[in-house]
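J.: Quick check, what structure comes out for this input:
(4 chains)
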There are 4 protein chains.
Amino acid sequence: MKSPTATFLVRAPDQPGLVARLAGFFYRLGLNIVDASNHTDAHVGDAPRFFMRLVIDLGGLADPKATAELGGSATRRSLEDAFSGLVDELGGSYQVGFSDVPPRVAILCTKDPACVYDLVLRQRSGELPCEIPLIVSNHAHLEPAAESFRIPFFALPVTAATKRDQEQKVLELLRKHHVDLVVLARYMQVLSEELLDAAPPVINIHHGFLPAFQGARPYHQAHARGVKLIGATAHYATKDLDEGPIIEQDVARVSHALSPDDLVRVGRDVERVVLARAVRAHLEKRVIVEGRRTFVL
Amino acid sequence: MKSPTATFLVRAPDQPGLVARLAGFFYRLGLNIVDASNHTDAHVGDAPRFFMRLVIDLGGLADPKATAELGGSATRRSLEDAFSGLVDELGGSYQVGFSDVPPRVAILCTKDPACVYDLVLRQRSGELPCEIPLIVSNHAHLEPAAESFRIPFFALPVTAATKRDQEQKVLELLRKHHVDLVVLARYMQVLSEELLDAAPPVINIHHGFLPAFQGARPYHQAHARGVKLIGATAHYATKDLDEGPIIEQDVARVSHALSPDDLVRVGRDVERVVLARAVRAHLEKRVIVEGRRTFVL
Amino acid sequence: MKSPTATFLVRAPDQPGLVARLAGFFYRLGLNIVDASNHTDAHVGDAPRFFMRLVIDLGGLADPKATAELGGSATRRSLEDAFSGLVDELGGSYQVGFSDVPPRVAILCTKDPACVYDLVLRQRSGELPCEIPLIVSNHAHLEPAAESFRIPFFALPVTAATKRDQEQKVLELLRKHHVDLVVLARYMQVLSEELLDAAPPVINIHHGFLPAFQGARPYHQAHARGVKLIGATAHYATKDLDEGPIIEQDVARVSHALSPDDLVRVGRDVERVVLARAVRAHLEKRVIVEGRRTFVL
Amino acid sequence: MKSPTATFLVRAPDQPGLVARLAGFFYRLGLNIVDASNHTDAHVGDAPRFFMRLVIDLGGLADPKATAELGGSATRRSLEDAFSGLVDELGGSYQVGFSDVPPRVAILCTKDPACVYDLVLRQRSGELPCEIPLIVSNHAHLEPAAESFRIPFFALPVTAATKRDQEQKVLELLRKHHVDLVVLARYMQVLSEELLDAAPPVINIHHGFLPAFQGARPYHQAHARGVKLIGATAHYATKDLDEGPIIEQDVARVSHALSPDDLVRVGRDVERVVLARAVRAHLEKRVIVEGRRTFVL
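T.: Numbering: from 1, shown residues only, chains lettered A, B, ... in the order given. Here you go, the predicted structure:
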C-alpha cells in the first residue's frame, strides 16, 4: 500500500542555503521528498522572498532515524514541531496538508445548478481530492440536486435586514462541519468583511474581459464594445470585491455574431473550467498567497 | 488569367429583401458573387442593422448584360454609380475596394524594429495585400531597416511645442503618398483629434489584461497582481485613447515565475500577431465599424 | 410573441445568381431573412460548391403575398414544396429545421457520468435546443443519474455474440422515440456500418494529439512522447472509426509534471466542451457535411 | 554590477536526499542559489528519475568558504570538478552554462526569410540570449538579409549526389565557428544520421495537426479533412524525422473559409512563435532530454 504524504508550503525571506536546509531537514529524518519546487521572487516588497513546496513520503516515519531525530517519537505532531522550529529560525512560516486527511469543502450557491454539479462530479471522479460535507444556499432551489448526491443541503435565505444573522448561521455551519475551504459556485451575495475574516479561505470565480468593464451587466457592456475574447478569473475572495489574489485565468474566443446571452453562455463554460482548476490547485496545496499575488508551485 | 474582384461592404437599416436586392443587383448585371456574408444585428442602437460583404468577379463586366444594364458603358465607375443608387434607396452606405488596386499603408513607428520588420515581411510574403509606400518615425533610428527594404523613410522628431507642426507634416506625407491606412507599429505618440479627423483610418495595438490596469507601467501592475494571462487588442484609433472599436484580440499564458520584463516580451509576441491579423482583416475589407463595435465579416 | 423560424441549409454547384435567387425566393413571399451566411468553396471535388444557411421568420406566412405565391395556402408544407422546386432547378439539395420543433437527441453512454450530466445540464439550461427523450447504455450503471433527471433509461448489455441483436434493439429505440441525432457520450462500443447506415446522424468525441497516436492507451503514448498539448475532436461517426467529418476541435496545455492519469483528466475536460459545442452547432443547423469536410456556417 | 550566474542541469536516479545534497553542495561553498526547480518522474523507464535545474550566483566564488572548500582555488573549473564528483556519487550526469558565455547558434535556412528575420530580431532585442555567428543556406537567396544584419552567410548548394560532401562542409563550419546549437529555420533538407551524430543539438520546427497527416502536402490534406486547428511542434532533430523529443507546441484556430494557402500562412505564424519559445528554453538551459521526452524546468 502506498504511504500517505505530507505537503509543506513554506515561505521565508530569501537567504543562502534555504533549499539545502529545508531538504536537509527531511534527509536527516530519512524521509523521502517525492516532489519539490521552489521559487525566489525579487518583485515582492523590499527584499527577495522564497517559496517552496515539498511533498514528503510519510512512510519514512517508521525509519529509526526519524525516531531518533524526533526525540524518540516519530509522529506527525513531532514532525511538525521540529519543522516549525526550523522555519522559525529562517524567519518564515508554513502550512501543511496530509494526503489521507482530505480537505473539507463547502459549496455556497444560489440557484444555478451547473457549477454545483460540475464541482460535485469532479469530486466524485477523484479529480478534486476533498470531501464535500455540505452545500449552503440562500435559496431552496438546489435541494433536490444536493439530495441526489446525498450531500446535506442548508437553505439560508437572506435579505439586507437579515444579512448579519444569515452570515452568522453560515459561519456556524462552516465551523460545525470543520470546513477548510469555501467555494462560491455562483453565490450571488457579497460576503462581508466580518465573514471573510472569520471563515476559512474562500475561492470565487469572476468573468473577465479585455478591457475590463465596471458596473452592471458586464456581458452587455462587453458586447456593446465588440470584444473578441471572454475570460474568467478564479481568485481568493477578499473584502475588495473581485480584487483578491488571482489563482487561475482563461479565455474563449467570441465573434460579433453572438448576442449578449451567447456571451454569457460562453463565459459560463470558461468560468466552470477555471474554477475547477483553481480549486484543484488549492486542494493540492500548490497555491501560496503573498500580498496581492499567488505563487502556484 | 484570374479576373480582378471588387469587394463591397454595405450597411443599412434592416428591412425585408435586403440580401435578395443586393445579390439581385449583381445577378442582373451578369456579375458573379464569389464570396458573400452578411449579419443582422439586433443590438446596435434602436433598430436592427444589416451588414453585408460581397466579393464580385469583375470579369463579368465584359458581359453584354452588364453593358446594357449600366447604360451602355460597363466600367467600374458606372458600376459604382448604379450600386450607389441602390444603396441610397435602402437608406444605407457602402465602401468598395478592388483587388488590383492594393491599399497604400503607411507605418508609423518610433524605435522598436520588431513590429516594423514583422509588417514589412508579411507584406513581402503576400500575406498583407497592400503597398507600403513610406515609413514615418519620430526618430531616425529605424532608417537603416527601412532602407534595407528600399522603403522611403521620413524622420519627423516631435516635442510638445512642435507637435502641431509635426502632425501637419505627417498629414502632408499621408496625402502626398495617397495613403489609405495608417498602422501604428509601436508609435509612442498620442495622435491629436485633429490628425485623426483628417487622416485615413488608423489601426493601433494595445496590451490588455484581465483585469485592466490604468496608468503607467501596466505590465508592472499586471505583474504585481499576479495575472496568469497577457493579452493584446488591435483597434481603430479614436480620440478616446485605446477606446476605439476592437478588431482583434488574443492572449498568452504566463506564470508567477516571469518578471515584469518577461511579461513585456510575451506581450510583444501577442501584439505582433494580433496587429497583423487586424491589418489583414482591414485590407481584405472585412471590417465594418458601427459605433463602438466592429463586425468582421 | 416571437414567431418561430425555419433554418434552411442549402448546397448546390456554384453558379451565377445563387444568393440572389435563394434570397429572392423568400423576398417574394414576404418572409424576412433574419440571418444568412454562405460560402463558396473551390476546393471540394472538381467544381466549386456553394453552401448557404438561411434563417427565415415564419411570421411572414400570414402575409397575403405568401398565400398568393404559395398557391392559396401558406403552410410550412407548401413553403417546403416551393423551396424544394427552386433547389431542384439549381441542382442542389437542402435540409430544414423549425425552431418550435426541437430535435430529439438520444444519448448513448457506458459508465462515465460526467459527459452525460454535462449534456443534460446544458439542455436543461437552454444551451442545447433539443429534447432528450432517452438515454441508452450497455450498462445499468447510470440509471440513477438518468432517473434523477426523469429521462427514460434503457440498459442494453452487449457482447461480441449479441452485438447484432443489441444494435437492432438500439435502432428500434431510436425509431420508436423519433430520434433525430445520436450523441455518443463516451459510449465504449464501436458502432457497426449497418447501424450507422440506418441510424440518424451520430456525433462522437475523440481525444487528439499532435502527433497522433495509434493503438491502445493513447494518453500513455502521448505521455511517453512528452506532448505539451492535449486535444479533442468532435466528428460525425462513420464506418472508418474516428475518421468522420470534423465538427469542432480544441486543445489544452499540459506539462511534463502531469502523469498519464492527469492527461486523461485534462483530456476529459476538453472533450466535454468540444462535444457540447459540436452538438450545439448541429442542433442550430449550422453544419453541412460535404465529403470528408464540414462547413460550419 | 550583477555577478554572472551558472546554470546546472542535473539528472540522476531518484534516491533519498537528492535536493538536500545538491543544494547543500553550493551552500557549503557560500554560493547562493538564485533559482531552482526539480521534478521526480515515475514514468521514465524502470525506476524513478530525478531532474533538477539550479541557477547559481558566481559572485560567491570570492567567498573564503569557496576557496577553502575548493582546494585553495575557487574557479569555474574547480567548481565544476567538485560538482562533477558529487554527481558521480549520485550516479547521475549534468550540463552547465554560464550567463556571460552566450551560446553560439547557427541558423540553417533555405529561401524563406520570415523565420530567419524572426530569430535574428529576437536575438538583437535580447530575447534570445545567444550569439549568431553565421547563417548557412543551400541557396544564395537570403544573403542580402544576412548582410543587412552583418552576419556571415554561407551558401552551400546541395544535390542528392553532393549531400555527403555538403554536410561535411556544414559540419566544418559548425566546428570552426564553435557552434553550440543549430536551429533549422525552414531548412528544406533532411539531415543525415551522420551529421546529427556529429553536430551539436539541432532544433527543428514542424507543422502539426489533429489528426496527423503523413506524406506530401500536409496542409492540403488537413484542408481536405476540414480541420479546425493548425498546430506546430518544436523538437530536437533525431534520425527519425520529426519524431524527436518535443520541446514546445501550440495551435491556432482555423475555419472552413480558409484555403490551403491560408492554412499555410496561419501555420507559419504558429511555427515562428513556437520555434522562438523552444530556442529560448534551450538557451536558458531549461530543457532536459530523457529518452523520447523533454522536461522543461
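J.: Chain D contacts on the stretch 151-297 of chain A?
T.: Neighbours of chain D within the stretch 151-297 of chain A, by C-beta under 8 Å from any C-beta of the partner chain: A:Arg253. Yep, even glycine has a C-beta here, placed from its N, CA and C like the rest.
J.: how does it look with 10 Å?
T.: A:Arg253, A:Leu297 (C-beta under 10 Å from any C-beta of the partner chain).
J.: low-confidence ranges in the stretch 101-250 of chain A?
T.: A:211, A:213, A:241 (pLDDT under 70).
J.: Just say helix, strand or coil for the closest residue to A:Val87 other than its chain neighbours.
T.: The shortest distance from A:Val87 to any non-neighbouring residue, by C-beta to C-beta, 6 or more residues apart in numbering or on different chains, is to A:Tyr94 (5.0 Å). For A:Tyr94, the secondary-structure state derived from DSSP: H, G, I helix; E, B strand; the rest coil is strand.
J.: What is the burial count for A:Tyr94?
T.: Per other C-beta atoms under 10 Å in any protein chain shown, the neighbour tally for A:Tyr94 reads 19.
J.: pretty sure it is touching A:Ala82, no?
T.: No. Counting by C-beta atoms under 10 Å, A:Tyr94 does not reach A:Ala82; the two are 11.9 Å apart.
J.: ok now do the closest residue to A:Leu61 other than its chain neighbours, which residues does it touch?
T.: Excluding the flanking residues, the one nearest A:Leu61 by C-beta to C-beta, 6+ apart is A:Ala74, at 4.5 Å. When contacts are counted by C-beta atoms under 10 Å, 6 or more residues apart in numbering or on different chains, A:Ala74 touches A:29-31, A:58, A:60-68, A:82.
J.: Next: A:Ala140.
T.: With contacts taken as C-beta under 10 Å, 6+ apart, A:Ala140 has the following neighbours: A:Lys111, A:Phe153, A:Phe154, A:Ala155, A:Pro157.
J.: Then A:His235?
T.: A:202-206, A:208, A:242-249, A:278, A:289, A:292, A:294, B:211, B:225-226.
J.: And A:Gly24, by the same measure?
T.: If a contact means C-beta under 10 Å, 6+ apart, then A:Gly24 has A:Gly17, A:Leu86, D:Gly17, D:Val19, D:Ala20, D:Arg21, D:Ala23, D:Gly24, D:Tyr27 as its contacts.
J.: which of those tops the neighbour count?
T.: Neighbour counts for those, by other C-beta under 10 Å, peak at D:Val19, which reaches 26 neighbours.
J.: Enumerate every residue touching that one.
T.: Going by C-beta under 10 Å, 6+ apart, D:Val19 touches A:19-20, A:22-24, A:26-27, A:33, A:36, A:38, A:52, A:54, D:36, D:38, D:40, D:50, D:52, D:54.
J.: Now with 8 Å, please.
T.: A:Val19, A:Ala23, A:Ile33, A:Ala36, D:Asn38, D:Met52 (C-beta atoms under 8 Å, 6 or more residues apart in numbering or on different chains).
J.: residues near A:Tyr46, how many?
T.: Quick fix: residue A:46 is Asp, not Tyr. For A:Asp46, the number of neighbouring residues by other C-beta under 10 Å comes to 6.
J.: Now do the SS call for it.
T.: coil.
J.: hang on, the earlier thing: restricted to helices, list the contacts of A:Gly24.
T.: Taking DSSP state H as the definition of helices, the contacts of A:Gly24 contribute A:Leu86, D:Val19, D:Ala20, D:Arg21, D:Ala23, D:Gly24, D:Tyr27.
J.: still on that earlier bit, which among the contacts of A:His235 count as buried?
T.: Buried residues within those, counting neighbours by 16 or more other C-beta atoms under 10 Å in any protein chain shown: A:202-206, A:208, A:242, A:244-249, A:278, A:289, A:292, A:294, B:211, B:225-226.
J.: Nothing else from me, thank you.
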